[in-house]
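# Need a 3D model of the sequence below.
(one chain, ligands or ions: 2)
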Amino acid sequence: MAKEKPKSKKDKLSDKLFFKQKNCWEGIDKKTEKEIEDFAAQYKLFLDMGKTERECTEIICELLNKNGFTNIETLKEKKPAPGMKIYQNIRGKSVIAAVIGKKPAVEGCNILGAHIDSPRLDLKQKPLYEDSDLALFDTHYYGGIKKYQWTAIPLSMHGVFINENGKKTVIKIGEEPGDPVFTVTDLLPHLAREQMEKKASAAVEGEDLDILAGSRPYNDKDEKEKVKLHLLDLLNKKYGITEKDFTSAEIEFVPAFKASDVGFDRSLIGAYGHDDRCCAWPALQALLTIAREKSLPEKSIVCYFSDKEETGSAGNTGARALNFENFFALLCSGSFADMRHCFTRCSMLSADVNAAFDPTYANVFDKKNAPYIGKGIVLEKYTGSGGKYGASDANAEYCAKVQAIMNQNKVQWQSGELGKVDKGGGGTIALYAANLGMDVLDCGVPVLSMHSPFEIISKIDLYITYKGYTAFLRDA
Ligand code: MN
Ligand code: MN
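Ligands and ions are numbered 1, 2, ... in the order given. Predicted structure coming up:
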């Protein structure tokens, strides 16, 4: 007979009363491990192929098409019927997709809202100049970046040129093996005495984030800007563009490196653009998982992949634009009253990342309230800054409802807050959904080195987020 383990009463009570979050890798079985690895592999491909909102939109729409979704532009009758799978491509930069459930939309929908734009360097309208036999591109950074992080790394060029006849030329240079890359130069330490004395925010100025684009002169003695001319000649021959075409173009420079496993145990993924593709991808996969099921979801389920989140969601592809509402007008067969009722009955997760606790920078986190790498999907009741300014602050009732869904589906979740009080702050698209009267909670993957060229997440948090989003779409 085995000796019974002595149980202390104190331990049992704490097990019952304390809120403890284990490391999700503990006790994981081989089958789940394989699922996590497979999910991560697909995600890394998505990251490498989708480095801009336009590229992500293209990939998302392609996958939606493959899975039987119809672009609403091609719908003959714009009337939702149970089982319909539809999507809208908003100007090639954001997407809204839905599976129409058994119940009419007026009874409320379950929504995931992620974003597919990430911080980067955009070209100015007149970017190209020559100085000291070097051709350079002038940029305007996009989103919240630490400027010094964007020097001395390989960058790739992505975007579109549109000519006067509306012809679109898609550019992607620096992603294929053998492609040239670009870079922002940095000052050698030998001469950086003055620079190193500056505050980090001023060490590299926004106006100095200029991209090295070439150094070889055009063979013409009389020309002044020979290197610039040579570069324009190359671009003209390859893409048919001239300098004027930059004024209307959207060209983005992003880190040229690929997503990689990080660490001996390969438990982490390092990549550009986790924020917010590590939520957009699980959201898309959750939608597709439910779309492939034989039985229809009770409520209609909606996934929104928005643009411009990193600059405050303004603009006609951002979450503040009417696109989101218009899509619901369609779901409600054009009834304004139904749409308003629908909004107040919608359950939404603002699928966005959270800052994971970083032991190197422990002093800016509240250890008790920070989310941790490897501890599951983060439920973040409020974001904002200062005295919760700009936070939608989800209701207790709704938070408890989402927690219950996660618990019932055995999805490990953790609570999270963005750093210590008054250390900074930030927001997501949650407040724009809240403005419509929806219940909305921020919910996603914890990230290290957020907004840097090489952000870090855990494979297990990514996978659990997919599981959590699937449960939410089905059960909320
Ligand atoms: Mn984000
Ligand atoms: Mn962000």
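
# So the most centrally placed residue in the chain versus ligand 1, what's the distance?
Centroid-nearest residue in the chain: D276, 1.5 Å away (criterion: Cα atoms, centre = their mean). When distance is defined by Cβ to the ion, to the nearest Å, D276 is 4 Å away from ligand 1. Quick note: C-beta positions are derived from backbone N, CA and C, even for glycine.

# That residue touches A114, doesn't it?
Yes. Applying Cβ atoms under 8 Å as the test, D276 and A114 come out as touching, 5.3 Å apart.

# so what sits against both of these two?
Common neighbours of D276 and A114, counting by Cβ atoms under 8 Å, 6 or more residues apart in numbering, are A351, D352, G444.

# one step back: please identify which helix or strand holds the residue nearest to the centre of the chain.
Here D276 sits within helix 274-292, counting by DSSP states H and E.

# how about that helix: buried residues?
274-291 (16 or more other Cβ atoms under 10 Å).

# mean confidence for it?
Mean per-residue pLDDT for helix 274-292: 98.

# Take it, keep the C-alpha atoms, and write them as CSV.
The C-alpha trace of helix 274-292 is given here as CSV (Å, rounded to 0.1, in the frame of the first residue of the first chain):
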residue,chain,number,x,y,z
HIS,A,274,4.1,40.5,-34.2
ASP,A,275,2.1,43.6,-33.1
ASP,A,276,-0.5,42.8,-34.2
ARG,A,277,-0.2,39.9,-36.7
CYS,A,278,0.2,37.5,-33.7
CYS,A,279,-3.4,38.3,-32.9
ALA,A,280,-4.6,38.8,-36.5
TRP,A,281,-3.4,35.3,-37.6
PRO,A,282,-5.0,33.4,-34.7
ALA,A,283,-8.2,35.5,-35.3
LEU,A,284,-8.3,34.5,-38.9
GLN,A,285,-7.6,30.8,-38.1
ALA,A,286,-10.3,30.9,-35.5
LEU,A,287,-12.8,32.2,-38.1
LEU,A,288,-11.7,29.6,-40.7
THR,A,289,-11.9,26.8,-38.1
ILE,A,290,-15.6,27.7,-37.4
ALA,A,291,-16.3,28.4,-41.0
ARG,A,292,-15.2,24.8,-41.9
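
# C-terminal to it, what's the next element?
strand 300-306.

# helices or strands up against the helix or strand just after that next one?
Note on strand 300-306: by DSSP H and E, the next helix or strand toward the C-terminus is helix 323-331. The contact analysis (3 or more Cβ pairs under 8 Å, 6 or more residues apart in numbering; DSSP states H and E) places helix 323-331 against strand 85-90, strand 94-99, strand 300-306, helix 336-344.

# Could you tell me the angle between the third one and helix 336-344?
Between the axes of strand 300-306 and helix 336-344, defined by axes from the mean of the first three to the mean of the last three Cα atoms, to 10 degrees, the angle is 80 degrees.

# check whether strand 300-306 contacts ligand 1.
No. Strand 300-306 stays clear of ligand 1 (Cβ under 5 Å from the ion), getting no nearer than 10.0 Å.
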